[in-house]
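1. Show me the folded form of this:
(2 chains)
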Amino acid sequence: MIRVANRRCIRNLSWKSMMAARTRNLVAILAIALTAVLFTSLFTIAMSINDAFQQSNFRQAGGYSHGGFKYLTEEQVDELKDDPLIWEYGFRRIVGMPEDAPFNKSHVEVSWCDENEARWMYCTPEEGRLPQENTGEAATDTRVLSLLGVEPKLGERFTMTFDVDGESTTQTFTLCGWWEYDEAITASHVLIPESRVDAIFNELDTKGNDGMTTYWGLDVMFKNSLHIERNINQILENHGYQSESRAKGDNFIATGVNWGYSGAQLMDNMDPETVIAIGAMLMLIVFTGYLIIYNVFQISVVGDIRFYGLLKTIGTTPRQLRRIIRQQALVLSAGGIPLGLLGGWLIGAKLTPVVISRLNGLTQGVVSLNPLIFLLSALFALATVLLSCLRPGRLAGRVSPIEALRYTEGGTTKRKAEKKDSGRVSLRSMAWNNLGRSRGKTAVTVLSLSLAVVLLNMTVTFTNGFDMDKYLAANSVSDFILANAGYFQTGGGLFSADTALSQKSTDAIEGQGGVTEGGRVYGETSVIHEFVSEDYYRACHGRWNDTQTLDWMVSNEERNEAGLLSDDIQLYGMERYGLDKLTVLDGDISSLYEPGSRNIAAVCSDDDYGNPEPDSYWAGLGDTVTLRYVDEFRYVSRETGEPVDPANGESYVMKVTKYHDVDYTVTALVTVPSALSYRYYGSDEFVLNDQTFIQDTGTDSVMLYAFDTTKGANAGIERYLKDYTENQNSEDDYESKATYAAEFESFRAMFTTLGGALSFLVGLVGVLNFFNAVLTGVLTRRREFAMLQSIGMTGGQLKTMLVWEGLYYTLGAVALALALTLMCGPLMNSAVSSMLWFFTYRFTLTPILVLIPVFALLGCVLPLAVYRSVSRLTIVERLREAE
Amino acid sequence: MSALIEFQDVSKVYEMGDSVVRAADHISMQIQKGEFVAIVGQSGSGKSTCMNIIGCLDVPSSGTYLLDGQDVGKMNKNQLAEIRNKMLGFIFQQYNLLPKLTLLENVEVPMMYAGVSRSDRRERARVALEMVGLGSKVNHRPAQLSGGQQQRVSIARALVGEPAVILADEPTGALDSHTGREVLSLLQQLHAAGNTVVLITHDNSIAVQAQRIIRLEDGRVIYDGDAHAPEAVVSPNLAGTGGGQ
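-> Have a look, this model is predicted:
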């Protein structure tokens, strides 16, 4: 074979033939862009959620440095900071923490840190700057200023009292910078100059007895977040230190790895189902992209088949023809992919907040602009394009030069020697037969059109199935619940006297008109134990602890005279209103109504669907439950039994020194509605009436106040509570049926938006496929139409036939969608019902019925529009095309 | 008696860029009912233009074309389609059968456009196929037939509507000589049965199978007469210089 340098020639041919098909190019660019849009929007949402997870974790971890070395001397800092593994470093010296009012409910740290550290701790002033050395300046957040009653205004002076290594000191600072308080961040910071730190230490003669004050913290950033722990240990090893144990020698240095990096990676935490779901989504996009791009190129090759045939007659090889097609695809990708990346990112940016707002504990951040989004999307889109070119390329390469001249779609089919006599030939049957010419193309077109219909119907069925009654019934048993804001926080702390609802708050509500009924639920703020068998103890705690730990727990837990093990419980004290809201599984709750009675209800846990979990309680009806109310206790060393301070990090156990036991009779087995529960789980629960609770526990901390209102007063109370919790008493918060209804609606809206967007994009793919199918069908049969017209077919008859073809496509797609929906409906019901407890399957065909006229119109209009372009050529011109 | 086909000073002009091509140049001719006429000419002589005009696929730029006394130039597209359907039967070089339809259905198609009832057109299509010798293959598809058989289906399709004129455009162009002869023989049989056949060809050996030859050159008629006369198959221009075929 003679090798010739003809790449330029091929490029030229490729370019020229591409430029001759402007409509095709537009459709192809649109198709490629659409595919890239699907990929980019998916990656944008995924990356943004990942970033939001990470940001959320960093805030909880207190910053985003990769890790750090704790409690260092100045010499150690100097030694470690220049290690070549460290990319950037930041210093911090903690001075102390305020503990008295107004900071008794807030975690605030007074410290000095450099600029890097401040940035990593989210302490970059929005106004002003960090404090300068040798001044009385300080920078802090708006929560600290608010608690101090100081306006966030530069130059304001404020005074605060805080503990420094066990000593209390009161210091006055001048505000030099402030930043907005972020609720997600666990601690607030007051940053002061290092010179002031030294001055305070001097003033108080601080020795650092707590092991923390006077020492340095060195936080570091490495080149990347991979192998943080390994890097930290390597640095210690490089300098002769270790972080394993203080007992191993004086060279111990405490270290910390920012778990935000290890725990935040969505990719690391993905369970197999998520991986499969994302994989399936990517496959779906590749498939839909393939469907359309393949169709565009297939159509294009079919349209240009004579051109390829001619090229072959002058010696172009199949490989060169494939290269021509591939080059055209690449050029079109250069136009379509950037468009798609931009469009996809914009769609992703719109959808991300909708998704993130539904994910618990995630704060809305900026939409990710990670270059990986664009790189991956472009690669996937390009791969789809190249994949889509394979078959059209093969077709162009395979075609015989002579056959190409006469090529009519499906004209060479040799499937059956004889066809059964159908007994009729009509415009409709001819249209039907025409669809059978390229069964693959017809199937792809109908499938892609119906896919959009099925998706839309599924979205509507899915969101329609969200049962607000179920949702409200499970989440809210009263019109309103008022409690401390912490009570409503997911992952918030345990209930304590500090987070109890004040008498003032309940009085304020009761003072409002329109409250019809209500009741307090008292929560446990002291230590209360029950006594259970070892088997039951092991069964309960074995869920969260390994055998070794469990053995240790069993051996250290106190036992009563009968040898039963003591265990924590969660006890409720409920007024009549709360007791009435309990679901009684067995027994009689009315015996609990009697004030001072020693009757108790044992609580059985239930799942999301309200089904009781039989293993979640031990006390049966008539059983006696002895509760030990711990009046005094102390912490003692595990090893020596001597009293210890848990803050020192030694292992300890709780030793009860004073208590009183009370026996109760179980008269009812109940489940507590989630809305009235502690909202955290892990211990056995019991319910007493309010009077007995107060009397026996000696506490009266109200966990929540639930109440109903008249219909007319409901909106007014909602407004009142909103104002009360925002402006009058911001420590309190409330939940209402209306907020749950709004939450429910926003949940539904998210799925409607996502499903709608996906259906729209897939629908667009379907319509483009349909357009392509019609276009090919008409273009490749130009000559045939001319022949039909020459033997007497009128333009009207031809149009009728084309309309029938269009209708067969679109209505066929609707019929297929209908069949698929009918088949998938029951599957969807069982799958979604097991995932969403508030889902009630409601079969609907409304979207399909609504789409029928739309598709019918599409089936009529599109073929006619395409035919118009062809009919501009006369019959003679079309007949001559093959001559 | 008026002619079945009558060209009165017919011209057809195409504009191609800046130049004007006169494909038919003041042609006047008449074809009577029952004639078998071959229109002959080299490439670019204007024979296809003539065929298009005769077949009502195109209209003259000037002059008048009367088909069975009707002025075709004044008809709209639908009227032309009706004329094509009812008065003309086309036989193409490439057969142009519909691949997804059976032979019977292919032959039925023109009658369907004409609104013939289903049972009637079915019966007529069967008869037409039997006439061309394909009665046993009515439920076959075109792809299962040889080229000659496909052309016979095309002939059946052309004559099934009992047209006034059968127009055959290079009907043997895609066939070997043996099959070509069979097809020509079939056309002669049709003529013998009283049909008017107009054959368009560039091949003199085919043309001489007709009764009469109209020879075209540069859009003009240079011979119109007996197909068996010596000058019928010799180009007059070439004859003048001693050349010939």
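
2. In a helix, A:Asn829, correct?
-> Yes - with DSSP: H, G, I helix; E, B strand; the rest coil as the criterion, A:Asn829 is located in a helix.

3. Look up how far A:Thr810 lies from the residue of chain B found nearest chain A.
-> The minimum distance from chain B to chain A, using CB to the nearest CB, falls at B:Asn85 (2.4 Å). From N, CA and C alone the C-beta is placed, and that goes for glycine too. Separation of B:Asn85 from A:Thr810 (CB to CB, to the nearest Å): 30 Å.

4. Of those two, which one has the most company?
-> Between B:Asn85 and A:Thr810, A:Thr810 has the larger neighbour count (other CB atoms under 10 Å in any protein chain shown), namely 29 against 25.

5. show me what contacts that one?
-> A:Thr810 is in contact with A:Leu449, A:Phe770, A:Phe855, A:Ala856, A:Leu858, A:Gly859, counting by CB atoms under 8 Å, 6 or more residues apart in numbering or on different chains.

6. isn't there a strand covering the fourth one?
-> No - following the definition three-state DSSP, A:Ala856 is helix and is not counted among the residues of a strand.

7. Is the nearest residue to the residue of chain B closest to chain A once chain neighbours are set aside part of a helix or strand, or is it coil?
-> The spatial neighbour of B:Asn85 that comes closest, neighbours along the chain excluded (CB to CB, 6 or more residues apart in numbering or on different chains), is A:Gly792 at 2.4 Å. Classification of A:Gly792 using three-state DSSP returns coil.

8. Got phi/psi on A:Gly792?
-> Dihedral angles of A:Gly792 (phi, psi; degrees, to the nearest 10) stand at phi 120, psi 0.

9. Pretty sure A:Asp661 sits against A:Val630.
-> No - between A:Asp661 and A:Val630 there is no contact under CB atoms under 8 Å: 10.4 Å.

10. where do the helices sit along the stretch 1-150 of chain A?
-> In the stretch 1-150 of chain A, the segments counted as helices under DSSP state H, counting those that start in this stretch are A:7-19, A:22-61, A:74-81, A:115-120, A:142-148.

11. cool, and chain B?
-> B:47-54, B:77-87, B:103-114, B:118-131, B:147-159, B:177-192, B:204-207, B:236-240 (DSSP state H).

12. what's the burial count for A:Leu447?
-> 20.

13. Am I right that it is in a strand?
-> No - assignment of A:Leu447 by three-state DSSP gives helix, placing it outside any strand.

14. any idea how far it lies from A:Val803?
-> In terms of CB to CB, A:Leu447 sits 22 Å off from A:Val803.

15. who has more neighbours, A:Asp661 and A:Val630?
-> Per other CB under 10 Å, whichever of A:Asp661 and A:Val630 has more neighbours is A:Val630, with 16 against 11.

16. Can you tell me the closest non-neighbouring residue to residue 211?
-> If you meant another chain, say so; for now it's chain A. Computed as CB to CB, 6+ apart, the closest residue to A:Gly211 that is not its neighbour in sequence is A:Tyr71, at 6.2 Å.

17. not what I meant, chain B
-> B:Gln211's closest residue in space is B:Phe36 (CB to CB, 6+ apart), at 4.2 Å.

18. so what's that neighbour scoring on pLDDT?
-> Per-residue confidence (pLDDT) for B:Phe36: 93.

19. again with B:Tyr223
-> pLDDT, B:Tyr223: 90.

20. From A:Glu877, how far out is whichever residue of the stretch 751-883 of chain A sits closest to chain B?
-> Closest contact between the stretch 751-883 of chain A and chain B, by CB to the nearest CB, is at A:Gly792 (2.4 Å). A:Gly792 sits 19 Å away from A:Glu877, going by CB to CB.

21. quick one: which of the two has more around it?
-> Applying other CB under 10 Å to A:Gly792 and A:Glu877 shows that A:Gly792 carries more neighbours, namely 27 against 13.

22. now the strands for the stretch 701-850 of chain A?
-> A:702-709, A:732-736 (DSSP state E, counting those that start in this stretch).

23. now swap in the stretch 51-200 of chain A and tell me
-> Under the criterion DSSP E, counting those that start in this stretch, strands of the stretch 51-200 of chain A are mapped to A:67-72, A:88-96, A:108-113, A:127-128, A:137-141, A:157-164, A:167-179, A:188-191.

24. got these as a markdown table, with distance to A:Ser605, mean neighbour count and mean pLDDT columns?
-> Shown next, in a markdown table, are these (distance: least, CB to CB, whole Å; neighbours: other CB atoms under 10 Å in any protein chain shown; pLDDT from 0 to 100):
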| stretch | distance to A:Ser605 | mean neighbour count | mean pLDDT |
| --- | --- | --- | --- |
| strand A:67-72 | 39 | 21 | 89 |
| strand A:88-96 | 42 | 22 | 91 |
| strand A:108-113 | 37 | 23 | 91 |
| strand A:127-128 | 50 | 16 | 92 |
| strand A:137-141 | 40 | 25 | 94 |
| strand A:157-164 | 41 | 17 | 90 |
| strand A:167-179 | 43 | 18 | 91 |
| strand A:188-191 | 37 | 25 | 92 |
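
25. Switch the ones you listed over to JSON lines; also include distance to A:Asn25.
-> What follows is these, written out as JSON lines (distance: least, CB to CB, whole Å):
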{"stretch": "strand A:67-72", "distance to A:Asn25": "53"}
{"stretch": "strand A:88-96", "distance to A:Asn25": "49"}
{"stretch": "strand A:108-113", "distance to A:Asn25": "58"}
{"stretch": "strand A:127-128", "distance to A:Asn25": "54"}
{"stretch": "strand A:137-141", "distance to A:Asn25": "56"}
{"stretch": "strand A:157-164", "distance to A:Asn25": "67"}
{"stretch": "strand A:167-179", "distance to A:Asn25": "52"}
{"stretch": "strand A:188-191", "distance to A:Asn25": "58"}
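
26. A:Leu761: which of these is closest?
-> Minimum separation from A:Leu761 across the strands of the stretch 51-200 of chain A (CB to CB) falls at strand A:167-179, 40.5 Å.

27. For chain B, what's the nearest residue on the stretch 101-250 of chain A?
-> Taking CB to the nearest CB, the stretch 101-250 of chain A has A:Leu226 as its residue nearest chain B, at 61.4 Å.

28. so is that residue in a helix, a strand, or just coil?
-> Per three-state DSSP, A:Leu226 ends up coil.

29. What residues sit buried inside stretch A:692-699?
-> If you call a residue buried by 16 or more other CB atoms under 10 Å in any protein chain shown, then stretch A:692-699 has these buried ones: A:Thr692, A:Phe693, A:Ile694, A:Asp696, A:Thr697, A:Thr699.

30. Those residues: which two are farthest apart?
-> Greatest spatial distance among the buried residues of stretch A:692-699 (CB to CB): A:Thr692 and A:Thr699, at 12.4 Å.

31. quick one: A:Gly716 and chain B, what's the gap?
-> Separation of A:Gly716 from chain B (CB to the nearest CB, to the nearest Å): 73 Å.

32. That should have said A:Tyr308, apologies.
-> 20 Å.

33. Which residues are in contact with that residue?
-> A:Val301, A:Thr316, A:Leu321, A:Ala396, A:Val399, A:Ala404.

34. now do A:Gly63
-> A:Glu117, A:Trp120, A:Met121, A:Tyr122, A:Asp219, A:Asn258.
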